[in-house]
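Trainee: no sequence on this one, just coordinates:
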């Protein structure tokens, strides 16, 4: 369940004028896990586990997070409540539900916090893996570009050499054609006959 959906279960638009929705959000923000360094990925996590549809529960299991599902159980319970129920009633119902399953609000907070560290580790690992893969491919592209530039330079050199040879051949052919005409005329004699 998304954070905004969860917030909407507890924040109603007809909140008392004494506390605005922004004030309520500020009060709720203190429960957000502060940003920090991501923990290492759970041992044995393969790169394939970080692509496509991610199985977070499997990653939580790999990380050794106790088999708890307080967050998920509370989300399922709250999503089953009538949306028009006042926020105070939702809070009372959530407390009653947690009491019924033998858990406290702190258990939900701790469970979510442990899972958030795994989620952040996944995001950081994927970012690092992607950055590395992109850098490798950019290096390959740069090497290929260098090879393309080298081949273009070779083509230009070959073209210049061809033009030089054509020019020399033209001069030489002209010299030889001139000799043929001159000596051909001489061999025929003054009347143009042989």
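Mentor: Great, that's in hand. Just so it is clear, the structure is predicted and the values come from calculations on it, not from any experiment.
Trainee: quick one: residue 82 from residue 71, how far?
Mentor: Residue 82 sits 21 Å away from residue 71, going by CB to CB, to the nearest Å. Where you see a C-beta, it was placed from the backbone N, CA and C, and this is true even at glycine.
Trainee: neighbour count winner among these two?
Mentor: Using other CB atoms under 10 Å as the criterion, residue 82 and residue 71 rank with residue 71 on top: 20 against 7.
Trainee: other SSEs contacting the strand or helix carrying that one?
Mentor: Taking DSSP states H and E as the criterion, residue 71 maps to helix 70-79. For helix 70-79, the packing partners by 3 or more CB pairs under 8 Å, 6 or more residues apart in numbering; DSSP states H and E come out as helix 3-10, helix 87-100, helix 105-188.
Trainee: 7 Å instead?
Mentor: Packing contacts for helix 70-79, counted by 3 or more CB pairs under 7 Å, 6 or more residues apart in numbering; DSSP states H and E, involve helix 87-100, helix 105-188.
Trainee: burial of residue 103, as a residue count?
Mentor: That count, for residue 103 with other CB under 10 Å as the rule, works out to 16.
Trainee: for residue 57, same thing?
Mentor: Neighbour number of residue 57 under other CB under 10 Å is 13.
Trainee: can you tell me what sits against stretch 29-47?
Mentor: 59, 62-63, 109, 113, 116-118, 120-122, 124-125, 129 (CB atoms under 7 Å, 6 or more residues apart in numbering).
Trainee: if we can go back for a sec, next, format the helices and strands packed on helix 70-79 as CSV and append mean pLDDT and mean neighbour count.
Mentor: Compiled in CSV, the helices and strands packed on helix 70-79 are given as follows (pLDDT from 0 to 100; neighbours: other CB atoms under 10 Å):
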stretch, mean pLDDT, mean neighbour count
helix 87-100, 85, 14
helix 105-188, 92, 12
